[in-house]
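Visitor: I would like to see how this sequence folds:
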Amino acid sequence: MNLIHRFSAELIGTFWLVLGGCGSAVLAAGFPELGIGFAGVALAFGLTVLTMAFAIGHISGCHLNPAVTVGLFIGGRFPAKDIVPYIIAQLAGAISAAIVLALIAGGQPGFDLVESGFAANGYGAHSPGGYSLLAALVCELVMTFMFLFIILGSTDIRAPPGFAPIAIGLGLTLIHLISIPVTNTSVNPARSTSQALFVGGWAIQQLWLFWLAPIVGGALAGIAYRTVGGDAGSDTEE
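Guide: Predicted structure coming up:
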């Protein structure tokens, strides 16, 4: 696939991830009597990745996340020349989804986008559970590390074929079940950026952590998997 096709696939895929995952948090998680809660939001994020991995994995590799793109590069699975275009596509898709979500959520009387938090990621006073900066940093780094390790392992050419989307989707669900109380779960700088742009203020001020920790975690996973699993390549290698 040429870069335009892959760019478009990444944009649409990341749009779906943010609309499905953050949409479930903003629109459905706290709805009286019918709210899906943390577990429902975690499942929603996992389902977006699982469905898109089947839909566009054969086109772009279904990164949907700058940390995944960087981790796959460090892991020897992705060319350096395509890192920036992929990240631009992911940011464009995420921001587009946030615009759509804001339009939908704004249709509810009394909805306040900033006061709602709009599923933005945060630490300290803006952590769902009041967790500290250090706790948030460790959580995001480790969770992204494990996410990339799952991706690298399940897409290895030696792994059972056809099951990678399931492993990756369930892995992201588990990550959210663990870390929503800590940071509202990022492990994805594009997802964090799209929501922070709409909330502004504190969300923009804390956004640095949700770029730094996932990128470092993804890069470390790339190194770790090459050390543990060797350099066998993947069935989606560019």
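Visitor: quick one, which residue of the protein lies the farthest from its center?
Guide: residue 109 (29.6 Å; CA atoms, centre = their mean).
Visitor: Secondary structure class of that residue, three-state.
Guide: coil (DSSP: H, G, I helix; E, B strand; the rest coil).
Visitor: Enumerate every residue touching it.
Guide: Shown in contact with residue 109 (CB atoms under 8 Å, 6 or more residues apart in numbering): no residues. Yep, even glycine has a C-beta here, placed from its N, CA and C like the rest.
Visitor: how much space between it and residue 28?
Guide: 17 Å (CB to CB, to the nearest Å).
Visitor: So what's the residue count around the residue nearest to residue 65 when sequence neighbours are not counted?
Guide: By the measure of CB to CB, 6 or more residues apart in numbering, the closest residue to residue 65 outside its immediate chain neighbours is residue 188, 4.3 Å from it. Here the number of neighbours of residue 188 (other CB atoms under 10 Å) works out to 32.
Visitor: can I assume residue 188 is in contact with residue 67?
Guide: Yes. With contacts counted by CB atoms under 8 Å, residue 188 reaches residue 67, the gap being 6.3 Å.
Visitor: Which neighbours do the two have in common?
Guide: residue 214.
Visitor: residues making contact with the least confident helix or strand in the chain by mean pLDDT?
Guide: When the helices and strands of the chain are scored by mean pLDDT, DSSP states H and E, helix 113-116 comes last with a mean of 92. With contacts defined as CB under 8 Å, 6+ apart, helix 113-116 is touched by 26, 102, 105-106, 198-201.
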